[in-house]
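> No sequence on hand, only this structure:
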């Protein structure tokens, strides 16, 4: 993971196939299936080395990355953005958890309704995650890639297919291209249906190998035809919660 983050700082696109996953682990203990918080370690490493002053961590695992949030809750050096299913393990990740002190406004939790699919994810990443991330202008992008959002995942409650995953990933790649010379590292989090996991990772790798990221509507062309009420509600709540920190 640390070798990968060095590559990302130099503009490389990296996928770290690490096990166990990391985002539940806190500073002093493991949680869930996580022992060491790989994305947090990588982010802190580049900050300590002064190789970067602003790190964006995007987390699309179905479960909230409570450990990553806790570690960076009081700093503006890391912008943590998480889409996740609320009211499941670990029970954290409400939108009201926005950071404290210097970190106020730099934790952005986006709870997605159970059953959210390709359209919901594509819209939220294009219309919420993208504008906030571009304003933050990170020096490097770290993605906690959790494929338990896939519709076939036995632990999952979402309805995302490879199309939706490609929409999410293309948004992350576009942020990296615009802000930090394309430098991004994906770190494997959840994903418990082996076939769906393999196909999802393959879809991500194909997007990483493309010369330029495609917009989300390339993968989910119907996304603007009818915005689901859950997305409208989420976007309205984001504006109320974060308008003093970000232009939305």
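Yep, it's here. In this text the structure is predicted, and so the values were computed from the model without any measurement.
> and the closest residue in space to residue 5 that isn't next to it in sequence, what helix or strand is that in?
Spatial nearest neighbour of residue 5, excluding adjacent residues (C-beta to C-beta, 6 or more residues apart in numbering): residue 42 at 4.2 Å. C-beta here means a position set from N, CA and C on the backbone, and glycine is covered the same way. Residue 42 belongs to helix 38-48 when assigned by DSSP states H and E.
> and the next element down the chain from that helix?
Next helix or strand after helix 38-48 toward the C-terminus (DSSP H and E): strand 55-59.
> just how off-centre is that next one within its chain?
With C-alpha atoms, centre = their mean, to the nearest Å as the basis, strand 55-59 stands 6 Å off its chain's centre.
> Give me the residues contacting it.
Contact with strand 55-59 is made by 23, 39-40, 43, 46-47, 65, 68, 72, 77-84, 129, 133, 136, 138-144, 146, 172, 175, 179, 189, as judged by C-beta atoms under 8 Å, 6 or more residues apart in numbering.
> Mind doing that once more with 7 Å?
Here strand 55-59 makes contact (C-beta atoms under 7 Å, 6 or more residues apart in numbering) with 23, 39, 43, 46-47, 65, 68, 77-82, 129, 133, 136, 138-144, 172, 175.
> The longest helix seen in the chain packs against which elements?
With secondary structure taken from DSSP state H, the chain has its longest helix at helix 162-179. Contact partners of helix 162-179 among helices and strands, from 3 or more C-beta pairs under 7 Å, 6 or more residues apart in numbering; DSSP states H and E: helix 118-124, helix 130-136, strand 140-145, strand 184-188, helix 194-209, helix 216-219.
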